[in-house]
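Visitor: structure of the sequence below:
(4 chains)
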Number of protein chains: 2
Amino acid sequence: MIAPEIPTKTVERLSRYRRIVRERSDGGAISLFSYELAKLAGGSAAQVRRDLMAIGCSGSPIYGYKIDTLVEAIGLAIDGATEQRMVLVGLGHLGAALVDFVERYCPKLVIFAAFDIDPSKIGRVHHGVRVYSVESIGQIVAEQQIRIAILAVPGEAAQAVADGLVAAGVHGILNFAPSVIRTPINVYVEQTEITATLEKVAYFARHYGAQQKQRKER
Amino acid sequence: MIAPEIPTKTVERLSRYRRIVRERSDGGAISLFSYELAKLAGGSAAQVRRDLMAIGCSGSPIYGYKIDTLVEAIGLAIDGATEQRMVLVGLGHLGAALVDFVERYCPKLVIFAAFDIDPSKIGRVHHGVRVYSVESIGQIVAEQQIRIAILAVPGEAAQAVADGLVAAGVHGILNFAPSVIRTPINVYVEQTEITATLEKVAYFARHYGAQQKQRKER
DNA sequence: TTCACGCTGTGAAAAAGTTAACAAAGTCCA
DNA sequence: TGGACTTTGTTAACTTTTTCACAGCGTGAA
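Guide: Below you'll find the predicted structure:
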């Protein structure tokens, strides 16, 4: 299989589907229909089928989609062959929350190391993750050939840290800092705008008469 | 002015623009051009102009957009007339981080109260926010006529909490829990999928040869 | 065997979002 | 004064994403 080139939005939804069907599987289910998954994930049945089609996953008109086949296919499509190691920069409240998230919900992702400037945190181990000084970012990332980094630092520090990460060989950055970072074009950056998300919810909550987003499930 | 009905994506970007131009304004700038804002925000100049057009904000070919006009126009478009009060459910690491975020970057949003099940937190004040027992959610939300809620609870608890919030009159929910919640159609729900975002970055970092998303800013 | 049923897979249409491109307008400089 | 320059406001083209709609296919009932 070459590069399937899955659309951005589909990748996101596949991840959600996987989480949902895993839960379903714990409940004893063997298979489900597209409309069931759509209801659980908040989308339309056609979209579910199309997303699954994109990764070459097919179901039967009788049983729907087999859950274990589905989990496997999603894994094949979006996970790497091996587990992927990441580093986390900034172990404040947000960083700590992220460590828990990854540990709990992302079995194929591992936070290999965390970095902070607070001397009282450096050298300690938080949830199985060792904390280093930010000064050693370059060295550790390069040595360990880490390709993915999570930024949970204050906005002012984000660009400098990002520069160091890129220089050390990182290809993907998930940035939670409220400031847009600039990188070479071959680095994938996902900018998580918590502020913007909050303000968006406030806006649409005020305009709640006119729904967008809300799927017509039910 | 009636309901301007601004597109979802535009609302998000406007929020980002505002944050950026505010910073710029601290730096002494009076006005900027669309291409400058585009570069700072990671988009195209045409998009910036289109977004600003959507809120009836106009600039001059000579100065570009005046920063204070811009901030005011964005505020008029996406903020309410008065500051909006929210409640936060779940004061773990993530919740604590969110309190800081709102305080620091969202001057028009106030977290009025937080709720948790941990007795050691209840009754205390965290960053100016008083923590109550989750049992009092309904009462406080209804009494104070809170319309927006942030969910930072474990996935298992999300649906039950959401039901209570909706019953108490909430119109908008920002859900950080990794489980999709169901609500009546007149409630706006924003599902923040941290897990999915992480996996997406991992996926695209691996496929970094083929860029999407990355704007061609230099 | 034959029919009706319900769901999948998928092309085609529609909608949403983004980029390109250009007329209009103000300023500067000669 | 007039022409070159720069950037806005906006329309049109284009791309991406979502929805519609229906043929095809096992199954189970008759």
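
Visitor: tell me what the top strand by length along chain A is packed against?
Guide: Scanning chain A for the strand with the most residues, using DSSP state E, yields strand A:109-116. Other helices and strands packing on strand A:109-116, by 3 or more Cβ pairs under 8 Å, 6 or more residues apart in numbering or on different chains; DSSP states H and E, are strand A:84-89, helix A:93-105, strand A:129-133, helix A:137-144, helix B:194-206. Where you see a C-beta, it was placed from the backbone N, CA and C, and this is true even at glycine.

Visitor: go again with 7 Å.
Guide: Under the contact definition 3 or more Cβ pairs under 7 Å, 6 or more residues apart in numbering or on different chains; DSSP states H and E, strand A:109-116 sits against strand A:84-89, helix A:93-105, strand A:129-133, helix A:137-144.

Visitor: who in chain A is up against DNA strand C?
Guide: Within reach of DNA strand C by Cβ under 7 Å from any atom of the strand, chain A has these residues: A:33-35, A:45-46, A:49-50, A:52-53, A:58-61, A:64-65.

Visitor: for those, which ChimeraX command selects only the ones that are buried?
Guide: Buried subset of the residues of chain A next to DNA strand C, written as a ChimeraX selection, criterion 16 or more other Cβ atoms under 10 Å in any protein chain shown:
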select /A:33,34,49,52,59,64,65
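
Visitor: and of the residues of chain A next to DNA strand C, the nearest to B:Thr195?
Guide: The shortest approach to B:Thr195 among the residues of chain A next to DNA strand C belongs to A:Leu52, at 18.9 Å (Cβ to Cβ).

Visitor: what pLDDT is listed against that closest one?
Guide: A:Leu52 carries a pLDDT score of 97 in this model.

Visitor: skip the chain neighbours and tell me the closest residue to it.
Guide: Computed as Cβ to Cβ, 6 or more residues apart in numbering or on different chains, the closest residue to A:Leu52 that is not its neighbour in sequence is A:Tyr65, at 6.7 Å.

Visitor: where does that neighbour land in three-state SS?
Guide: Counting by DSSP: H, G, I helix; E, B strand; the rest coil, the backbone at A:Tyr65 sits in strand.

Visitor: show me the contacts for it.
Guide: Counting by Cβ atoms under 7 Å, 6 or more residues apart in numbering or on different chains, A:Tyr65 touches A:31-32, A:52, A:57, A:59.

Visitor: in strands only, show me those.
Guide: The strands, defined by DSSP E, take in A:31-32 from the contacts of A:Tyr65.

Visitor: distance to B:Gln139 for the contacts of A:Tyr65 - can I get that in TSV?
Guide: Output for the contacts of A:Tyr65, formatted as TSV (distance: Cβ to Cβ, whole Å):
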residue	distance to B:Gln139
A:Ser31	44
A:Leu32	39
A:Leu52	44
A:Cys57	47
A:Gly59	47
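
Visitor: which element is the residue lying farthest from the centre of chain A on?
Guide: Distance from the C-alpha centroid of chain A, by Cα atoms, centre = their mean, peaks at A:Ile62 (32.8 Å). For A:Ile62, there is no enclosing helix or strand under DSSP states H and E.

Visitor: for it, give its distance to chain B.
Guide: Using Cβ to the nearest Cβ, to the nearest Å, we find A:Ile62 at a distance of 26 Å from chain B.

Visitor: so what pLDDT did that residue get?
Guide: At A:Ile62, the predicted lDDT confidence score is 93.

Visitor: against A:Ala73, how distant is the residue in chain A that DNA strand C sits nearest to?
Guide: The nearest approach of chain A to DNA strand C comes at A:Ser58, 2.5 Å away (Cβ to the nearest atom of the strand). Distance from A:Ser58 to A:Ala73, counting by Cβ to Cβ, to the nearest Å: 9 Å.

Visitor: for A:Gly155, same thing?
Guide: As judged by Cβ to Cβ, A:Gly155 and A:Ala73 stand 39 Å apart.

Visitor: what does A:Leu88 give?
Guide: Distance of A:Leu88 to A:Ala73, computed by Cβ to Cβ: 29 Å.

Visitor: neighbour count: these two, which is higher?
Guide: Between A:Leu88 and A:Ala73, A:Leu88 has the larger neighbour count (other Cβ atoms under 10 Å in any protein chain shown), namely 27 against 19.

Visitor: contacting residues around that one?
Guide: With contact taken as Cβ under 7 Å, 6+ apart, A:Leu88 is in contact with A:95, A:98-99, A:111, A:114, A:150, A:152.

Visitor: cool, and A:Glu190?
Guide: A:174-175, B:197, B:200-201.

Visitor: got the residues you listed as CSV, with distance to DNA strand D columns?
Guide: Below are those laid out as CSV (distance: Cβ to the nearest atom of the strand, whole Å):
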residue, distance to DNA strand D
A:Leu174, 18
A:Asn175, 20
B:Thr197, 15
B:Lys200, 12
B:Val201, 15
